[in-house]
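Student: Sequence and predicted model, in that order:
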Amino acid sequence: MYTNVVLLAFLATTGTWILTALGAATVVFFKKNDINILNTMLGFAAGVMIAASFWSLLQPAVERAGAFLSSPAWLVVTAGFISGAAFIWMSDKIVLYAQKKVGENSTETPNLRLRRILMLFFSITLHNIPEGLAVGVAFGSLYNGFTTESMMAAASVAVGIGLQNFPEGAAVSIPLRREGYSRFKSFMFGQASGIVEPVTGVLGALLVIYIEGILPFALSFAAGAMILVAVHELIPECQTNKEAYPYFSTMGIIAGFSVMMLLDVMLG
């Protein structure tokens, strides 16, 4: 039974990773670098990340902290949120410092594209870690009492997170395509952001007795990382052609937020 529960968690999170890859594969439809379309999709990615930060991360973090922790929920969630934003900020500073050291004898400026890509990739990957844990915890709980109802509940968690992962895969691959990367490289980065879910899913199943106390902080940590990237990088970048087409990217943000909100609220 112990082995079966862990295997189920692995299979379920492998499925959520596959859906991330399918979302990342949407980049193959962009044959030309149309700046208006890519700016709209960049705005879509920002909308997805903002909506996911609340409904997929902060809201369940508050609920879990209140139910399983003795510390105030607001304190745990706020600390996690700020820590996540600080982590991405520090990562950006480290990348910039490393680039300066490597190119200190060169007249070239630091590679801003690389910094932007790393920030985006880190934030989505961090977002997928607590999602994988959540699926693992759901299936790991079957170890203490396997029933049809509990199995269906765990499966619904996996299905919900998997469907949410589809636009998240696109949220990585499409911005990379806009930066000039090939469709293949954009897809590979996009699907790689979800590969952490099978790993953390197994970890969540193995540590199901203890993980409830860690998950609220992890959820809010990922939310802070995603909000920083969306606000600092994606939204300003998608406005580069605002004078000619002022609402293209804005409608992308609205669409991305709406799709992610719909999936999160509808799938619970």
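Tutor: All right, it came through fine. None of these values were measured; they are calculated from a predicted model.
Student: pLDDT below threshold where in the stretch 51-200 of the chain?
Tutor: 95-96, 98-114, 141, 144-145, 147, 149-150, 153, 156, 160 (pLDDT under 70).
Student: all helices of the stretch 101-250 of the chain, in order?
Tutor: 112-140, 148-178, 183-192, 196-206, 215-229, 235-237, 248-267 (DSSP state H, counting those that start in this stretch).
Student: Between helix 112-140 and the third one, find me the angle.
Tutor: Between the axes of helix 183-192 and helix 112-140, defined by axes from the mean of the first three to the mean of the last three C-alpha atoms, to 10 degrees, the angle is 40 degrees.
Student: Show me which positions of helix 183-192 end up buried.
Tutor: Within helix 183-192, the residues scored as buried using 16 or more other C-beta atoms under 10 Å are Arg183, Ser186, Phe187, Phe189, Gly190, Gln191, Ala192. To be clear about C-beta, it is placed using only N, CA and C from the backbone, and glycine gets the same treatment.
Student: wait, which of these is closest to Ile161?
Tutor: Lowest distance from Ile161 to the buried residues of helix 183-192 (C-beta to C-beta) belongs to Gln191, with 15.7 Å.
Student: Isn't the closest one up against Thr20?
Tutor: Yes. Counting by C-beta atoms under 8 Å, Gln191 touches Thr20, with 6.0 Å between them.
Student: Now do the shared contacts for those two.
Tutor: Gly169 (C-beta atoms under 8 Å, 6 or more residues apart in numbering).
Student: so which of the helices of the stretch 101-250 of the chain is the most packed in?
Tutor: Compared across the helices of the stretch 101-250 of the chain, helix 215-229 shows the largest average neighbour count, a mean of 26 (mean count of other C-beta atoms under 10 Å).
Student: what's that helix packed up against?
Tutor: On a contact count with 3 or more C-beta pairs under 8 Å, 6 or more residues apart in numbering; DSSP states H and E, helix 215-229 meets helix 35-52, helix 59-68, helix 73-102, helix 112-140.
Student: Serialize these to JSON lines and add fields for distance to Leu8.
Tutor: Formatted as JSON lines, those follow (distance: least, C-beta to C-beta, whole Å):
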{"stretch": "helix 35-52", "distance to Leu8": "25"}
{"stretch": "helix 59-68", "distance to Leu8": "21"}
{"stretch": "helix 73-102", "distance to Leu8": "28"}
{"stretch": "helix 112-140", "distance to Leu8": "5"}
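Student: Tell me which of the ones you listed lies nearest to Phe248.
Tutor: Among the helices and strands packed on helix 215-229, helix 35-52 sits nearest to Phe248 (C-beta to C-beta), with 4.9 Å.
Student: List the buried residues for that closest one?
Tutor: Those would be 37-52, for helix 35-52 by 16+ other C-beta under 10 Å.
Student: Surely Gly47 is in contact with Leu262?
Tutor: No. Contact status for Gly47 versus Leu262: not in contact, 11.5 Å apart, counting by C-beta under 8 Å.
Student: Against Gly180, how distant is Met261?
Tutor: From Met261 across to Gly180, the span is 31 Å (C-beta to C-beta, to the nearest Å).
Student: what's the answer for Lys93, then?
Tutor: On the measure of C-beta to C-beta, Lys93 and Gly180 end up 24 Å apart.
Student: same check, this time on Phe54
Tutor: Per C-beta to C-beta, Phe54 is found 32 Å from Gly180.
Student: Please say which of those two ends up with more neighbours.
Tutor: Phe54 (18 against 10; other C-beta atoms under 10 Å).
Student: what's the pLDDT at the closest residue to the more buried one other than its chain neighbours?
Tutor: Spatial nearest neighbour of Phe54, excluding adjacent residues (C-beta to C-beta, 6 or more residues apart in numbering): Ala223 at 7.4 Å. Ala223 is assigned 85 on the pLDDT scale.
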